[in-house]
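[1] Predicted model follows, preceded by the sequence.
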Amino acid sequence: MSMNQNSTSLLSRSVLVLNTNYAPMDICSAKRAICLYYNEKVDILESYKEDVHSPSVTLSLPSIVRLKDFVKHHKMDVILTRRNLLVRDNYECQYCGSKKSPLTMDHVKPKNQGGPDTWENLVAACQSCNRKKGNRTPEQAKMPLKKVPRKPNKIHYFQQFISDHQVSWKPYLFMESF
């Protein structure tokens, strides 16, 4: 596939991956979904409006793919990473609501007070609020949180990826009927 700036951003677009029973499993890049398709690992169920091209092939950009072989997959946990935390917190400081970059990860109960690295103890914070709060709890710093941090489940996590481009994902994520 030829790579210009437009196709590079297209290939990084999110694709919903379903198990053979249509259960949501993962989100991958369009580039990964295309590789899975050409390796005959998935069927493309839904596509975006855009196409990607190689010298000899034109393919509609996948939006939803379904695995051809069932994968035993019981875990509905979302892995705690910086990116996943920012997605959970909608790329917004949980103290002041700012969406200015760069955002940091802040321990609600500071590490020096025994605060763990868990979904329930980490929030996105702008650098200014993180510095202001310092090694104190939100109560000690008089900086209340916008919302109580919770561990997301995978369905809620996937739902946060839906934009105008991913309306076709909604039935698979229990957001509307087929």
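    Structure's in. What do you need?
[2] Let me know how buried the residue nearest to Cys126 when sequence neighbours are not counted is, in neighbour terms.
    Using CB to CB, 6 or more residues apart in numbering and skipping the chain neighbours, the partner closest in space to Cys126 is Cys93 (4.1 Å). In this view, the C-beta of every residue, glycine as well, is placed from N, C-alpha and C. Cys93 has 22 neighbours, counted by other CB atoms under 10 Å.
[3] How much space separates Cys93 from Lys132?
    In this structure, Cys93 and Lys132 are 11 Å apart, going by CB to CB, to the nearest Å.
[4] likewise Cys35?
    From Cys35 to Lys132 the distance is 45 Å (CB to CB).
[5] Now the residue nearest to Cys126, what are its backbone angles?
    Backbone torsions for Cys93, taken as degrees, to the nearest 10, come to phi -60, psi 130.
[6] What of the one 3 residues further on?
    When read as degrees, to the nearest 10, the backbone of Cys96 gives phi -110, psi -10.
[7] you'd agree it is up against Cys129?
    Yes: in this structure Cys96 lies within contact range of Cys129 using CB atoms under 8 Å: 5.4 Å.
[8] What segments of the chain are strands?
    14-18, 24-29, 42-53, 58-67, 103-107, 122-126 (DSSP state E).
[9] relative to strand 103-107, how tilted is the last one?
    In this structure, strand 122-126 runs at an angle of 140 degrees to strand 103-107, with axes from the mean of the first three to the mean of the last three CA atoms, to 10 degrees as the basis.
[10] Tell me which residues are up against strand 122-126.
    Residues from elsewhere that reach strand 122-126 (CB atoms under 8 Å, 6 or more residues apart in numbering): 80, 85-86, 89, 91-96, 98, 100, 103-108, 133, 145, 149.
[11] Check the closest residue in space to Ala125 that isn't next to it in sequence and give its pLDDT.
    Spatial nearest neighbour of Ala125, chain neighbours left out: Asp106 (3.8 Å); criterion: CB to CB, 6+ apart. pLDDT recorded at Asp106 is 98.
[12] Make 85 the first number, not 1, from now on.
    New numbering, starting at 85: the last item is Asp190.
[13] Asp190 reaches Lys217, doesn't it?
    Yes: in this structure, Asp190 is within contact of Lys217 by CB under 8 Å, at 6.6 Å.
[14] Common neighbours of those two, please.
    Tyr179, Ala209.
[15] which of these two has more neighbours?
    Taking neighbours as other CB under 10 Å, Asp190 and Lys217 compare with Asp190 leading, 25 against 20.
[16] Who are the contact partners of the more buried one?
    By CB under 8 Å, 6+ apart, the neighbours of Asp190 are Gln178, Tyr179, Leu206, Val207, Ala208, Ala209, Cys213, Asn214, Lys217.
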